[in-house]
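Asks: Below is the sequence, then the predicted model.
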Amino acid sequence: MKKILFICVENAGRSQMAEAFFRKHMPKGFEAISAGTKPSTQVNPIVLQAMKEIGIDLENQIPKHISQQIIDESEKAINMGCMDKESCPALFMKDVLDWEIPDPKGKSIEEVREIRDQIEIKVMNLIKSFEGNI
């Protein structure tokens, strides 16, 4: 199994959405995981709502702390973007793809929907990029 790691600081929004979209659309032989450098205690409630609107339930997801083991086991790491430069996962890893997606924290449901849709497009493009390598 090739693990694809989606990372951000709190693992409460963007990386959770990316993991969910990857799980929904992933090709055989792949697995998705998400984690953060300073995980929140819960997934952002607005993110839960935005994902539920399109039939993806993240209610049971719990933000996870990134570990060296998770990094080592991952085929590819995608950083969702960093607002907190000191805790940015990209600082601690090499060969990270950075999507520079805005943080949904504190945003309206309309803004979170836009972020959600942007993440889905990026995930679909990532999956397409693997098609020649499967």
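Replies: Thanks, I have it.
Asks: So which residues of the protein form helices?
Replies: When secondary structure is read from DSSP state H, the chain shows helices at 14-25, 45-52, 68-73, 109-130.
Asks: would a markdown table of those helices with distance to residue 101, mean pLDDT and mean neighbour count be doable?
Replies: In this view, the C-beta of every residue, glycine as well, is placed from N, C-alpha and C. Listed next are the helices of the chain as a markdown table, based on distance: least, C-beta to C-beta, whole Å; pLDDT from 0 to 100; neighbours: other C-beta atoms under 10 Å:
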| stretch | distance to residue 101 | mean pLDDT | mean neighbour count |
| --- | --- | --- | --- |
| helix 14-25 | 5 | 97 | 24 |
| helix 45-52 | 12 | 98 | 18 |
| helix 68-73 | 20 | 90 | 12 |
| helix 109-130 | 6 | 96 | 16 |
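Asks: right, so of these, which gets closest to residue 82?
Replies: The closest of the helices of the chain to residue 82 is helix 14-25. By C-beta to C-beta, the value is 10.5 Å.
Asks: quick revisit: residue 103: which of the helices of the chain is closest?
Replies: Of the helices of the chain, nearest to residue 103 by C-beta to C-beta is helix 14-25, at 6.8 Å.
Asks: the inter-axis angle of the closest one versus helix 109-130?
Replies: Helix 14-25 runs at 50 degrees relative to helix 109-130, counting by axes from the mean of the first three to the mean of the last three C-alpha atoms, to 10 degrees.
Asks: neighbouring contacts of helix 14-25?
Replies: The contact list for helix 14-25 (C-beta atoms under 8 Å, 6 or more residues apart in numbering) reads 4, 6-8, 30, 32-36, 43-44, 47, 50-51, 56, 58, 61, 63, 78, 80-81, 101, 103-104, 115-116, 119-120, 122-124, 126-127.
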